[in-house]
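Visitor: missing the sequence, but the structure's below:
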DNA sequence: AGTTTTTATTTTGCATACAAAATACGATAT
DNA sequence: ATATCGTATTTTGTATGCAAAATAAAAACT
């Protein structure tokens, strides 16, 4: 008996993953029309699994179906972002509250470690590395909630905001503010203070919202 | 030129809707295996659109794919419900907060009207009608937030909890408590007090959580 | 009899083929 | 030259066919 059977994922799942990656990386920009035959050729699969993958990503919201006219990479509007961020604030706040209650010392220490890395990236002005460690910290805290549905829900919303790519527009001031909020986050987490961590995370997303909307104003 | 073109929905969308209905109504019970050929016959379509629909519902979480072995109606576990309800509490709270800020008097009056209907259903012990009006009130408040993404997110989570069908297990006490919380909700809404409405809604979902978990205890 | 092995049947996964709609193109008319 | 109509081509939507995997059934063996 073998309980760890290796089952290679179905084609439509693999295709969905590849498409998600292409969309997330911006290689398939928002608004791009998805030509089935072209994609089939580049991916080396037939139309059936490709179409199944497209349907999946459509229900995920990454792709928009246009009946009889195929599908396009969905466009994340300013309104979408404005709608999503308050939801993210609530959910990240909840995640932080639960994480402060449930995370053990070793995991908290791990977050602290990455936080320190992030700070040094900030000081060295290493933007890409900063964003990556930043993302990782939020991910670890959310996962620390122990609520997988919460993690999934946040990820799905977060993916859309990320795709809008306003992050690069961060000013010196907003960056400094974000970093100082992160200091407070870690302190609240180490103190295992749910109320405080929740409040800081809600505030943190609010800062993010202000940053993003500020950036949008300048690029109309 | 005609801007209101009638485009009949693609088959896979129609099929997905019918499947969703069958699952939601319990006609397709959790755990039921979905035989493609059988479903094709009953629905009068070929396997291609059916499979596309199944993939969609799978990413929605209503269906679980089992590679090389088809799909089953996904089973909502007690853990799932335990995870979902705190999220619903946060989101409904946010919805209420926004609704208290944005809803106009006529819409608030509409909620009051349905609330009064709900109360009379409660007094007459009309359970089904009570639940329907109850659901409608929550829907109206959430929609009153003006945040469509929030509405969608809540609906998606709510659908899973509803499918678990623990609602029938409500005791006299928990029912009374829910009703009194609803009185407070309406008062807060009419006073257009965001903080209060948010707090009540969070509390309300907490009551629901206690009711459901109490019911689960008795039916192991 | 019970268990394993082999064979047959069903069911899913993927590819292809055909039909319908949409788009692109060109000819004709004004 | 532009606009409109009609035809050709492309692209999507749906159905079907074939291969592989899984399940069920039958046979062989202990």
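Guide: Thanks, I have the structure now. From a predicted model like this one, the values you see are computed outputs, not experimental measurements.
Visitor: residues contacting residue A:52?
Guide: Contact partners of residue A:52, counting by Cβ atoms under 8 Å, 6 or more residues apart in numbering or on different chains, are A:12, A:15, B:51, B:52, B:55. The way it works is simple: take the backbone N, C-alpha and C, and place the C-beta from them, glycine included.
Visitor: which stretches in chain A count as helices?
Guide: Secondary structure of chain A by DSSP state H: the helices cover A:11-25, A:36-43, A:47-60, A:78-102, A:105-123, A:127-144, A:148-164, A:172-190, A:194-218.
Visitor: may I see these arranged in CSV, with distance to residue B:30 and mean pLDDT as well?
Guide: Listed next are the helices of chain A as CSV, based on distance: least, Cβ to Cβ, whole Å; pLDDT from 0 to 100:
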stretch, distance to residue B:30, mean pLDDT
helix A:11-25, 22, 95
helix A:36-43, 34, 96
helix A:47-60, 20, 97
helix A:78-102, 26, 95
helix A:105-123, 34, 97
helix A:127-144, 27, 95
helix A:148-164, 17, 93
helix A:172-190, 37, 93
helix A:194-218, 34, 84
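Visitor: report the central residue of chain A.
Guide: residue A:158 (3.5 Å; Cα atoms, centre = their mean).
Visitor: now do the contacts for that residue.
Guide: By Cβ under 8 Å, 6+ apart, residue A:158 lies in contact with residue A:88.
Visitor: wait, residue A:164 sits on residue A:76?
Guide: Yes: counting by Cβ atoms under 8 Å, residue A:76 is a contact partner of residue A:164 at 4.5 Å.
Visitor: any shared contact partners between these two?
Guide: Common contacts of residue A:164 and residue A:76 (Cβ under 8 Å, 6+ apart): none found.
Visitor: what's next to stretch A:201-220, contact-wise?
Guide: A:78, A:81-82, A:85-86, A:88-90, A:92-93, A:95-96, A:141, A:161, A:164, A:166-167, A:169-171, A:174, A:177-178, A:181-182, A:185.
Visitor: of those residues, just the buried ones, PyMOL syntax please.
Guide: Of the contacts of stretch A:201-220, the buried ones can be selected in PyMOL as follows, counting by 16 or more other Cβ atoms under 10 Å in any protein chain shown:
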select buried, chain A and resi 81+85+86+88+89+90+92+93+95+96+141+161+164+166+167+170+174+177+178+181+182+185
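Visitor: what residues does chain A have near DNA strand C?
Guide: Selection of chain A residues close to DNA strand C by Cβ under 7 Å from any atom of the strand yields A:10, A:11, A:12, A:45, A:46, A:47, A:48, A:49, A:68, A:69.
Visitor: and these, which are buried?
Guide: Burial by neighbour count, 16+ other Cβ under 10 Å: within the residues of chain A next to DNA strand C this picks out A:10, A:11, A:12, A:45, A:49.
Visitor: tell me which two in the residues you listed are the farthest apart.
Guide: A:10 and A:45 (11.0 Å; Cβ to Cβ).
Visitor: what residues are shared contacts of these two?
Guide: Counting by Cβ under 8 Å, 6+ apart, nothing touches both residue A:10 and residue A:45.
Visitor: sorry, back to before: and the helices of chain A: which comes nearest residue B:101?
Guide: Closest to residue B:101 of the helices of chain A is helix A:78-102 (Cβ to Cβ; 11.3 Å).
Visitor: and the closest one, what does it pack against?
Guide: With contacts taken as 3 or more Cβ pairs under 8 Å, 6 or more residues apart in numbering or on different chains; DSSP states H and E, helix A:78-102 sits against helix A:127-144, helix A:148-164, helix A:172-190, helix A:194-218, helix B:78-102, helix B:148-164.
Visitor: now with 10 Å, please.
Guide: On a contact count with 3 or more Cβ pairs under 10 Å, 6 or more residues apart in numbering or on different chains; DSSP states H and E, helix A:78-102 meets helix A:105-123, helix A:127-144, helix A:148-164, helix A:172-190, helix A:194-218, helix B:78-102, helix B:148-164.
Visitor: same list, those, but as TSV with distance to DNA strand D please.
Guide: TSV is the format used below for these (distance: least, Cβ to the nearest atom of the strand, whole Å):
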stretch	distance to DNA strand D
helix A:105-123	36
helix A:127-144	31
helix A:148-164	21
helix A:172-190	41
helix A:194-218	31
helix B:78-102	24
helix B:148-164	22
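Visitor: now, of those helices, which is deepest in the fold?
Guide: Comparing the helices and strands packed on helix A:78-102 by mean neighbour count (mean count of other Cβ atoms under 10 Å in any protein chain shown), helix B:78-102 ranks first with a mean of 22.
Visitor: tell me what angle that one forms with helix B:127-144.
Guide: Angle, helix B:78-102 to helix B:127-144, by axes from the mean of the first three to the mean of the last three Cα atoms, to 10 degrees: 60 degrees.
Visitor: stretch A:77-85: how far from the chain's middle?
Guide: Put simply, stretch A:77-85 sits 14 Å off its chain's centre (Cα atoms, centre = their mean, to the nearest Å).
Visitor: ok, residues contacting it?
Guide: Stretch A:77-85 is touched from outside by A:30, A:61, A:74, A:76, A:88, A:156-158, A:160-161, A:163-164, A:166, A:205-206, A:208-210, A:212-213, A:216-217, A:220, B:145-153, with contacts defined as Cβ atoms under 10 Å, 6 or more residues apart in numbering or on different chains.
Visitor: outline the domain layout of chain A.
Guide: By the assignment in automatic domain parsing, chain A contains the domains A:11-73, A:78-218.
Visitor: a markdown table for those domains, including distance to residue B:135?
Guide: Converted to a markdown table, these look like this (distance: least, Cβ to Cβ, whole Å):
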| stretch | distance to residue B:135 |
| --- | --- |
| domain A:11-73 | 23 |
| domain A:78-218 | 21 |
